[in-house]
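In: Just to be clear, the model below is a prediction. Sequence and coordinates:
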Amino acid sequence: MRKISVIEVRFGAAGKIEGAEEGARRLKEGIRYEGWVEDGGTIIPLAPPGDQGRLHNLGQMEEVTSRLREKAFKVFEEGNVQFILGGDHSCALGVMAAGCEFFGRKDYGILYVDAHGDINTPWTSSTGNIHGMCLATLMGVGEKEMTDLVKEKVLPENVLLIATRSLDEGEKDLIRKKGIQVIYADEIRREGIAETLRRIKGFINSRGIRHYHLSLDIDAVDPSEAPGTGVPEEKGISTQDFLDIVKWAVARREIVSADIMEFNPYLDEEGKTEAICRRASEIILA
Ligand SMILES: [Mn+2]
């Protein structure tokens, strides 16, 4: 039986709002290690914080990405699956870089559930926030220093954005040029969850994806239900729809890894966001 390795990445400084690292710590604290659930350890940056040019905390981000990539690759080699707790969304880079390298880009896909596209580059980003460049980096778009962290680049047509609603002009451009598929948040609200799952299934089948990563940014959920996150966006999907996507995606045999990112306890209200993250974690670990 495949084991599931839970790895915490305690890093939240690729954005400019602090607290996502504390989110990682709290989520990890709530995990019980029994049965097939294993403690895969915690990654905390040792490099000093600091900006490199326009890029906020690039050094620490590179460090946690390299360390996670190495760890995650070993988990795949052992034939196991893994669940990464962040942290801001740059914390998920290492596991996807390892997955694409291990399984090969043709067969490897990413389901990216997030209000944002995270396909900014240092040239299109208005903020210089690295966590908004996660997918771009994986596809090999952006600053060489960042894209060099990813040995095998992810195929853009093997990426599906889900619950998207906030895209910069440069990101819209890349989506068009690279043929990235998107299921927008308003489509999910309008068409319902059954149709959404049908579309995700259609994407996996049509692309022939044999191994995928499920990346969950808690900001996919509407801020009225999940306020505890650094870059909230109005008109999100419901908690129920979010959890239904998680349930569906982890039940398929193609899943090899998952993550949950961007929970910030300092911005939470009455533990609402934390409760959703814990529900998602329970579903993933069950
Ligand atoms: Mn996001």
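Out: Received the coordinates, thanks.
In: CA only for contacts and neighbour counts going forward, please
Out: Will do.
In: how about low-confidence regions in this structure?
Out: 51-54 (pLDDT under 70).
In: Contact residues of it facing the ion?
Out: By the rule C-alpha under 5 Å from the ion, the part of the chain lying against the ion is 114, 116.
In: what about 6 Å?
Out: Counting by C-alpha under 6 Å from the ion, the residues of the chain close to the ion are 114, 115, 116, 217, 219.
In: who's in contact with the second one?
Out: Listed by C-alpha atoms under 8 Å, 6 or more residues apart in numbering, the contact partners of residue 115 are 162, 163, 164, 165, 166, 185, 217, 219, 220, 221, 233, 236.
In: Is it possible to get a markdown table of those that adds neighbour count, distance to residue 65 and secondary structure?
Out: Formatted as a markdown table, those follow (neighbours: other C-alpha atoms under 10 Å; distance: C-alpha to C-alpha, whole Å; DSSP: H, G, I helix; E, B strand; the rest coil):
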| residue | neighbour count | distance to residue 65 | secondary structure |
| --- | --- | --- | --- |
| 162 | 28 | 23 | strand |
| 163 | 30 | 25 | strand |
| 164 | 25 | 24 | strand |
| 165 | 21 | 27 | coil |
| 166 | 19 | 25 | strand |
| 185 | 25 | 29 | helix |
| 217 | 23 | 17 | strand |
| 219 | 29 | 22 | helix |
| 220 | 27 | 23 | helix |
| 221 | 30 | 26 | strand |
| 233 | 20 | 26 | coil |
| 236 | 26 | 28 | coil |
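In: Output those as JSON lines; include the columns distance to residue 147.
Out: Output for the contacts of residue 115, formatted as JSON lines (distance: C-alpha to C-alpha, whole Å):
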{"residue": "162", "distance to residue 147": "23"}
{"residue": "163", "distance to residue 147": "25"}
{"residue": "164", "distance to residue 147": "23"}
{"residue": "165", "distance to residue 147": "25"}
{"residue": "166", "distance to residue 147": "23"}
{"residue": "185", "distance to residue 147": "28"}
{"residue": "217", "distance to residue 147": "21"}
{"residue": "219", "distance to residue 147": "25"}
{"residue": "220", "distance to residue 147": "25"}
{"residue": "221", "distance to residue 147": "29"}
{"residue": "233", "distance to residue 147": "27"}
{"residue": "236", "distance to residue 147": "30"}
